[in-house]
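**Q** need a 3D model of the following:
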Amino acid sequence: MKLSLIDILKQIISQNYKRLFFDMNNDLNQIRIFCRVAQLQSFTQAAQMLGIEKSTVSNKINQLEAYLGVKLLQRTTRSVKLTDAGKKYLEFCHRAMAQLEQGEDLISEMQQQAVGHLRVAVPQNFADIILPKIVTPFLQQHPKVTIEVQQGLQNIDMIKDGFDLAVRASFNDVKDSSLIYRKIYQSKRVFVASPKHVAEFGMANNIQQLSQQPYIASFAGESNDEAFNQVFSEGRWHTLQARLTVNSMLAISSAVDDGLGFAIMPIRMVQDKLATGELLQIAQEVLLTDSVIYLVYPSRLGQPAKLKVFIDVMVNWGEQMMKSV
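**A** I've put the predicted structure just below:
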């Protein structure tokens, strides 16, 4: 059977794995830089993220390609793309770097010191919540940790995409998963509207009356367990008239304040406005499922100190939030 170029390259890399990654003549910084350029598809962005000169990035890539005797990246003035050989080599690089990071994390854990880079994926707008209350104090307390927070990502592969932790919002308990789901917060959700809206459309008391009024819909959750214009209540689905659908709780809050329609909001987010009368709770007889926040991570075993400490901080934040409602 005739082998393809990719199969041949794979065999070469497999047979020479030790030489490619652990030979003393091979600079590991070259591999780290190559991985970052491949991820960002930009020499400039890779240099900025690594805190080095662009010329250093270019030189390290050239040295690595010369050492391997193959072109890894196809460069133009507008783009940087992996060659076929580069794609296969990157797979082995990820394995090698993952093993090295595990070794570094093990040493860090043995020393009981939070050290290293932490990648966290959070829902839309959640970074605005945790940055001042969690991330900033955490970084001040642990100067040897760096954190990368990416929000709005859905359907990520935590292992493949390289995330240490994800924060996920859902309206149903997670029944089964290969990942660890740790519930840290649960909040009642309520229907709210502005006095202006109630004056114009009346005080809705049941789901039938709600379905006749304009609704400000949100993207319901990472797992899309509720549709944009549908609500699960009283054992079945109800369709609402979504006048505006937006992936931002802050924008929804603003639209409700302006009288564009009613919305479903976590009670903690609106409790102050409910107390002052700026917003009104409507359809109080209609029961909604609670909003639940989970921390998601691959395993409880072998966690580095940086992740253990951050999880503890997040759990404590959730407990304090629950007490304040």
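**Q** in what helix or strand does the spatially most central residue of the chain lie?
**A** In the chain, the residue lying closest to the centroid (C-alpha atoms, centre = their mean) is residue 121, at 1.7 Å. Using DSSP states H and E, residue 121 sits in strand 116-122.
**Q** flag every buried residue along that strand.
**A** For strand 116-122, a neighbour-count test (16 or more other C-beta atoms under 10 Å) marks 116, 118, 119, 120, 121, 122 as buried. Quick note: C-beta positions are derived from backbone N, CA and C, even for glycine.
**Q** and the fifth one, what does it touch?
**A** Contact analysis of residue 121 by C-beta atoms under 8 Å, 6 or more residues apart in numbering lists 149, 150, 151, 153, 156, 158, 161, 163, 165, 166, 167.
**Q** in the sheet, who's paired with it?
**A** Following DSSP bridges, residue 121 is listed with bridge partners residue 150, residue 166.
**Q** pLDDT score assigned to it?
**A** Residue 121 is assigned 90 on the pLDDT scale.
**Q** quick one: contacts for residue 186?
**A** Contacts of residue 186 by C-beta under 8 Å, 6+ apart are 290, 291, 292, 293, 322.
**Q** show me the contacts for residue 125.
**A** Listed by C-beta under 8 Å, 6+ apart, the contact partners of residue 125 are 151, 248, 249, 250.
**Q** parallel or antiparallel, list what pairs with the helix or strand harbouring residue 192.
**A** Residue 192 belongs to strand 189-193 when elements are defined using DSSP H and E. In the sheet, strand 189-193 lines up against strand 262-266 (antiparallel), strand 280-282 (antiparallel) (DSSP bridges).
**Q** in whichever helix or strand comes after it, what's buried?
**A** Once the chain leaves strand 189-193, the next helix or strand it forms, by DSSP H and E, is helix 195-201. For helix 195-201, the neighbour count (16+ other C-beta under 10 Å) marks 197, 198, 201 as buried.
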